[in-house]
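# Need coordinates for the below:
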Amino acid sequence: MKCSKATDYALHALLFMIKSNGDSKRIPVQDLASALKVSTTYLSKILTRLVKANIISANSGAKGGYQLKEGWQNVSIYEIIVTIDGKQSLLEDSFSHGDGCPIKTIMDEAESTLINNLERKTLKNLV
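Presented below is the predicted three-dimensional model:
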């Protein structure tokens, strides 16, 4: 499993929101982009994915911005990764070795352990 820059920005944006008073404060995308030193346009696309996944909410207008949704504490780190990057395999076995391949077996076990750990860690663990 690879984590893209987009996932890194998503996690850091969420951390910024958490540190900025949790779910009770709306934060303009410009403030988030400035804090993360990333393009507003690029960050907006990332945040849109989090809105569609029902992890944050978006409000437009003068007092608009992004805000954590109730229950954010229970969102797993793995859920954020999948929301941004989709499900990916650690090992792209391009050869037809079959399920009995010892390399594939080891990599599948490692990936399973990683996923289980990321599913147990939630946004609450960031604070």
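
# isn't there a helix covering Lys45?
Yes - per DSSP: H, G, I helix; E, B strand; the rest coil, Lys45 lies within a helix segment.

# Distance check, it against Gln73.
Counting by Cβ to Cβ, to the nearest Å, the gap from Lys45 to Gln73 is 25 Å. From N, CA and C alone the C-beta is placed, and that goes for glycine too.

# higher neighbour count, those two?
More crowded of Lys45 and Gln73, by other Cβ atoms under 10 Å: Gln73, with 15 against 11.

# Does the nearest residue to that one once chain neighbours are set aside fall in a helix, a strand, or a coil region?
Once flanking residues are discounted, Gln73 sits nearest to Lys124: 3.9 Å by Cβ to Cβ, 6 or more residues apart in numbering. Three-state call for Lys124 (three-state DSSP): helix.

# Help me confirm that Lys124 comes into contact with Asn74.
Yes - using Cβ atoms under 8 Å, Lys124 makes contact with Asn74 at a distance of 7.3 Å.

# Run a quick neighbour tally on Lys124.
Lys124, neighbours per other Cβ under 10 Å, totals 11.

# what does Lys121 give?
Lys121, neighbours per other Cβ under 10 Å, totals 12.

# measure it to Ser76 for me?
In terms of Cβ to Cβ, Lys121 sits 7 Å off from Ser76.

# Repeat that for Ile106.
Noted for Ile106: a distance of 25 Å to Ser76, by Cβ to Cβ.
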